[in-house]
Structures are given as structure tokens and as C-alpha cells.
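[1] sequence-free structure coming up:
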């Protein structure tokens, strides 16, 4: 009995339950965000194409005792993600006879697992009651994300191969070569950032930005004008931001780089043979990868949870717990803004041709990122 | 780290390493090797060598093995699965294994530096910057030489693959 009580008061137990709580909370928020990003995608695209989009499915509020029958002008469409999820879960899960069963089953799980695991190192808030709002504070955060998201390609490759038919296979091959090409640009483009900050830990990178202004907006910290070295460093940072964002679009298979699942050429690409919840897992994985990518961009370049204009990131006079929650809110607001940017790009630009995509990756982005590293090294050596 | 985790990851690594060899299907072999590499990097993580662990995943599991899988999928797998093992191949394999095991045993016996215990590391240990400092100060020349070597090799690959076959 005493041993159990001792364990319940120990640091280990505290760490275990706070980590579990943080993981569950983050997963809940991110998966909720995924379903509403899908909804936002459909509404924004219809807005851009002068349509209405899904605006009917509301919540059955009359069941809860609200008198008014039709709330659709107010809540119209907001129930759509829930209806979609129910539809996908209840649909017949059809497995074609000619697929390689084991790999066909494991592929969707691999795809989404990679996207979710990389969330573990993202600092999504400052701290609440002394508990830092990051699940795993490890010294090599960005590398961890690159490593885990490079494993996500196995989901796509196996899906395409196990389906045993042409179009999925073409999708899988395209995806593999695309991911390998863009991973180089993705990894190299952020090296200038680490040269300037001198840290690889995401939590410390955020603290650096809280103290010295965001990497992309050095003047954002109130009462501090950007110094000369910050202004000079801003040029490589901007280049690195652009390259990183473009490579992130390719890495998450978003238009204009969605060649692996180009509907007009490959039916559905690697997930042509999938239906029901297995298809939904690919769908979830893609959007979760979008959220992970946006979170990484925001953490590296846009100050993560830092509320703009607050000098040291803490608000005097506010209760700590409340301010911690505000910081989490700031983080997810930024992520959501970036997701809307992803959506705008998707419905604005046409798809690249495959050779153009390869050329952009290998001849432009890779070289720009490499030259940018030398430029930054020179700046750091002589100015910084 | 807890010894339970050590045994779990070691079992994972060795089990899937054996599966790499035993599986007749090349895709299954390649994937087993990926899991084995993940187990190995988990062991690195547990030794606080995060940098090496993550590079292990990034380079081997994430890039090299993806290329392997890519090539394997383009091959005719049925021919590979039908192939029978012959007696000379088995004998040769056994001989090489025996030689290798003997060598390992002999080396480990005479490797005294591996038998002594070292003091534990400080709790906040920045392995990435340590590796960087070591590479660029103490081992600077070998590091540069390897860099040039890799550059030459990659230029060679481009030249060889661009050459027209006539």
C-alpha cells in the first residue's frame, strides 16, 4: 500500500501522467483540426469557385431540447466532418481479391503513424503550472521530424505495390522519387537557421525567437528594433523559409505537387484500391502531415506559441494557467492560418508536370539551399 | 534505461535481422531490415546518442532502404521466390558465418577498453554539438578527405549513368 502511495507521489508517475495527458490532448486537438481542415478546404474551394460547398449538415439541436428546428443558417455545414467520419466508418470495407493482403492492411497504418509520431517534439505551448507544453523535449527536434516523416513514405510505397495494379504502382513510384528529391532540399534549407541560432532543440529555438524576435519577423518583439546583424541575417532566412515551404508542399503531397495521387492521370494514385476507413486513414495521414509541416514552419520561422508584441513571452498579472492556454491558442491559430494558406495555394496553382517537379527539386531548390548555407556561413563569420 | 526496454529492442533488432535473411520474399526481407534498423536506433536513443540514432533512421531507414524497396518492387519477385538453395551455397555460407563469429569472439576477448566501466554522462548532454566540434576540430582533415571522396564518387556516378551505351 505504502509503495503504491509513494509511486503516486513520485516524479516518475507525475511525468507519466502529464505526458499521457499531453499526448491525448494534442492528438484530440490535431485530429479535430484535421476534420475541420477538410471542411475548410471544401468551403474555401467553393468560395474560390463561386459555389456554396457543404452548408447543410448541422447539429441536431432539436434533440437536445432547443425549440428551433432549422439552425442551418448559423451552424450549416459544421456537422459535415462528423457525418463524413460516420459515413467512412460504416462503409463496406472492401478488399480486392488480387491484393497482397498483409501489406495492403499495414500500409494505411504506417502512413498515419509517421505523421502522428512527429508531433511529439513540437512545442505547442509555453508551459502550464510548470509542465512544459511539449511531449518529448529532445535535443534534435527537427531531425527527428525529418527522420520520422521520411518513414511515412513506406505507407505510400507499400499501398501502391500491394494493390497489384498499374495506377497505384505508378503513384507509389512517383511518390518515392518525389519524397527522396525533396527531402534533401527540406533538410538543407533549414541549416542556415541552425547556423544563426546555434541550437537544434526546438524548445530552445522558440526561446531564442521569444527573446530576439521571430526569425522571419525580427522586429516583432515589442520595444526592440532589429539589430544590424538581424537585418543582414534576414535575407538568408527569407530564402530558407521560401525553399522550406515549397519543399514542405512536395513532402506532404499537396498541390501543386500532388503527382502521387493525381486524379486526372492516375485515378486515385496509391490509394485507388482502398475504400472505407483504410482510405480515410490515408486521408487523415495526409492532413496530419500538413499540420505537422505547418507546426514545424511556425516553430522554426514564426515564433511558435509567442504572442506578437509581448517582450519576453510572459504576461504579468495573468494567472499562469490561463496565459499558458492563451499561448496554446496562439500556436494553433498560427497553424490554422498556415493551413488556410496551404488550401489557397491548392486551389490557385495548377499541378506541375512530373519532369518539371523533378527539375525544380534537383536543379533549383537543392542548389539554392546549398548556396544559402554558404551565404549564411559568411554572414555568421563576419557580421553576426 | 530500463533493462526491459533494452531486451525488447534487442530482440526486435535480432529477430527482424534474422527475418531479413530467412524471408524468401525480397520485399519482406527489405522491410524486416527496416524494422531491425529502427530497433538499432532505439538502442542508440536509450544511450542518449540521439544524433546517431536519428541519423540511422534518416539515412538508412528513410533513404537507403526506400531506394532498395523501390528497386526490388520493379524486379520479378516470383523468380526470386522459386530459387532453391544448393548444398555448396549452404556450406559456403556456414563457413563464412563460422569464420566471422570466431573473429568477433577473438576481438571481443582481447578488446580491453570495452570491458572497463565508464562514468555516467552529465544529464544535459548535447551530443549533436559534441559530434560537430569533434569532427571539425580534432578530425578535421579526415573529415575533409571523406568529403572530397564522396564528391568524387557522386560525380563518377553521374558520369557513368549519363554515358551512352553503344
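    The structure has been received and is ready for your questions. Bear in mind that the values here come from a model prediction, so they are computed numbers and not experimental data.

[2] Run through the strands of chain A in chain order.
    If DSSP state E is used as the criterion, the strands of chain A fall at A:127-128, A:131-132.

[3] Mind telling me which of the ones you listed the model trusts least?
    Sorting these by mean pLDDT places strand A:127-128 lowest, at a mean of 76.

[4] Does anything pack onto it? Which helices or strands?
    Packed against strand A:127-128 by the contact rule (3 or more C-beta pairs under 8 Å, 6 or more residues apart in numbering or on different chains; DSSP states H and E) you find helix A:320-346. In short, each C-beta sits where N, CA and C put it, glycine included.

[5] Flag every buried residue along the helix it packs on.
    Buried residues in helix A:320-346, defined by neighbour count with 16 or more other C-beta atoms under 10 Å in any protein chain shown: A:323-324, A:326-328, A:330-332, A:334-336, A:338-339, A:342-343, A:346.

[6] With stretch A:4-17 instead?
    In stretch A:4-17, counting by 16+ other C-beta under 10 Å, buried: nothing.

[7] Work out the gap between that stretch and the centre of the chain.
    Distance of stretch A:4-17 from its chain centroid, counting by C-alpha atoms, centre = their mean, to the nearest Å, is 33 Å.

[8] what do you get for stretch B:43-62?
    Taking C-alpha atoms, centre = their mean, one finds the center of stretch B:43-62 at 11 Å from the center of the full chain.

[9] Any buried residues in it, and which?
    Neighbour counts over stretch B:43-62 (16+ other C-beta under 10 Å) mark B:43-45, B:48-51, B:53-58, B:60-62 as buried.

[10] Keep only those of those that are also close to chain A.
    For chain A, the contacts drawn from the buried residues of stretch B:43-62 by C-beta under 8 Å from any C-beta of the partner chain are B:50, B:51, B:54, B:55, B:57, B:58, B:61, B:62.

[11] Now the first one. Nearest residue, chain neighbours left out?
    Nearest in space to residue B:50, with sequence neighbours left out and distances taken as C-beta to C-beta, 6 or more residues apart in numbering or on different chains, is residue A:140 at 5.0 Å.

[12] what about the one you found, how many residues close to it?
    Residue A:140 has 21 neighbouring residues, counting by other C-beta atoms under 10 Å in any protein chain shown.

[13] For the chain, name the helix or strand with the lowest mean pLDDT.
    Defaulting to chain A. helix A:72-75 (a mean of 60; mean pLDDT, DSSP states H and E).

[14] ah, I was thinking of chain B
    In chain B, no helix or strand scores lower on mean pLDDT, DSSP H and E than helix B:77-82, which sits at a mean of 69.

[15] roughly how far apart are the residue in chain B positioned nearest to chain A and residue B:34?
    Closest residue of chain B to chain A, C-beta to the nearest C-beta: residue B:62 (3.1 Å). Counting by C-beta to C-beta, to the nearest Å, the gap from residue B:62 to residue B:34 is 9 Å.

[16] just residue A:206 next, same as before
    Look at residue A:206 and residue B:34: by C-beta to C-beta, they are 32 Å apart.

[17] more crowded one of these two?
    A direct count of neighbours by other C-beta under 10 Å for residue A:206 and residue B:34 places residue A:206 higher, at 25 against 22.

[18] thought residue A:132 was touching residue A:122?
    No: using C-beta atoms under 8 Å as the test, residue A:132 is too far from residue A:122 to be in contact (11.9 Å).

[19] Which one's more surrounded, those two?
    Between residue A:132 and residue A:122, residue A:122 has the larger neighbour count (other C-beta under 10 Å), namely 27 against 15.

[20] For chain B, which residues are neighbours of chain A?
    Counting by C-beta under 8 Å from any C-beta, the residues of chain B lying close to chain A are B:27, B:31, B:34, B:50-51, B:54-55, B:57-58, B:61-63, B:66-67, B:69-70, B:73, B:126-129.

[21] Kindly recompute the last result at 7 Å.
    Chain B comes close to chain A at residues B:50-51, B:54, B:57-58, B:61-63, B:66, B:69-70, B:73, B:126-128, as judged by C-beta under 7 Å from any C-beta of the partner chain.

[22] Could you report the neighbour count for residue A:252?
    Residue A:252 has 24 nearby residues by other C-beta under 10 Å.

[23] no, scratch that, I was asking about residue A:213
    By other C-beta under 10 Å, the residues close to residue A:213 number 23.

[24] Surely residue B:107 forms part of a helix?
    Yes: read with DSSP: H, G, I helix; E, B strand; the rest coil, residue B:107 is one of the residues of a helix.

[25] which among the buried residues of helix A:320-346 gets closest to residue A:287?
    Proximity of those to residue A:287 (C-beta to C-beta) peaks at residue A:339, which lies at 8.6 Å.

[26] what does chain A put close to chain B?
    A:138-140, A:143-144, A:146-147, A:150-151, A:153, A:157, A:161, A:176, A:180, A:200.

[27] Give me the subset of the residues you listed that lies in helices.
    Under the assignment DSSP state H, those contribute A:143, A:144, A:146, A:147, A:150, A:151, A:153, A:157, A:161, A:176, A:180 to helices.

[28] Could you find the closest non-adjacent residue to the fifth one?
    Of all residues not flanking residue A:150 in the chain, residue B:62 sits nearest, at 3.1 Å (C-beta to C-beta, 6+ apart).

[29] Am I right that that neighbour sits in a helix?
    Yes: checked against three-state DSSP, residue B:62 lies within a helix.

[30] Give the full set of residues in contact with it.
    By C-beta atoms under 7 Å, 6 or more residues apart in numbering or on different chains, residue B:62 lies in contact with A:147, A:150, A:151.

[31] Report the rounded mean pLDDT for stretch B:20-31.
    On average, stretch B:20-31 scores 85.

[32] So what would you say the end-to-end distance of that stretch is?
    Between the opening and closing residues of stretch B:20-31 there is a gap of 8 Å (C-alpha to C-alpha, to the nearest Å).

[33] Over to stretch A:92-106?
    Terminal residues of stretch A:92-106 lie 18 Å apart, using C-alpha to C-alpha.

[34] how many neighbours does the residue in the stretch 101-250 of chain A that chain B sits nearest to have?
    With C-beta to the nearest C-beta as the measure, residue A:150 is the residue of the stretch 101-250 of chain A nearest to chain B, at 3.1 Å. For residue A:150, the neighbour count with other C-beta under 10 Å is 24.

[35] Can you spell out the domain ranges of chain B, please?
    Domains of chain B are assigned by automatic domain parsing as B:1-85, B:128-166.

[36] tell me how far the shortest one is from the chain's mean position?
    This points to domain B:128-166. With C-alpha atoms, centre = their mean, you get 19 Å for domain B:128-166.

[37] in that domain, what's buried?
    For domain B:128-166, a neighbour-count test (16+ other C-beta under 10 Å) marks residue B:128 as buried.

[38] check contacts around the closest residue to residue A:288 other than its chain neighbours.
    Leaving aside its sequence neighbours, residue A:288 sits nearest to residue A:115 (C-beta to C-beta, 6+ apart; 3.9 Å). By C-beta under 7 Å, 6+ apart, the residues touching residue A:115 are A:152, A:285, A:288, A:289, A:292.

[39] how about JSON lines for those residues, with pLDDT and distance to residue A:14 added?
    Below are those laid out as JSON lines (pLDDT from 0 to 100; distance: C-beta to C-beta, whole Å):
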{"residue": "A:152", "pLDDT": "84", "distance to residue A:14": "32"}
{"residue": "A:285", "pLDDT": "86", "distance to residue A:14": "32"}
{"residue": "A:288", "pLDDT": "89", "distance to residue A:14": "29"}
{"residue": "A:289", "pLDDT": "88", "distance to residue A:14": "32"}
{"residue": "A:292", "pLDDT": "90", "distance to residue A:14": "27"}
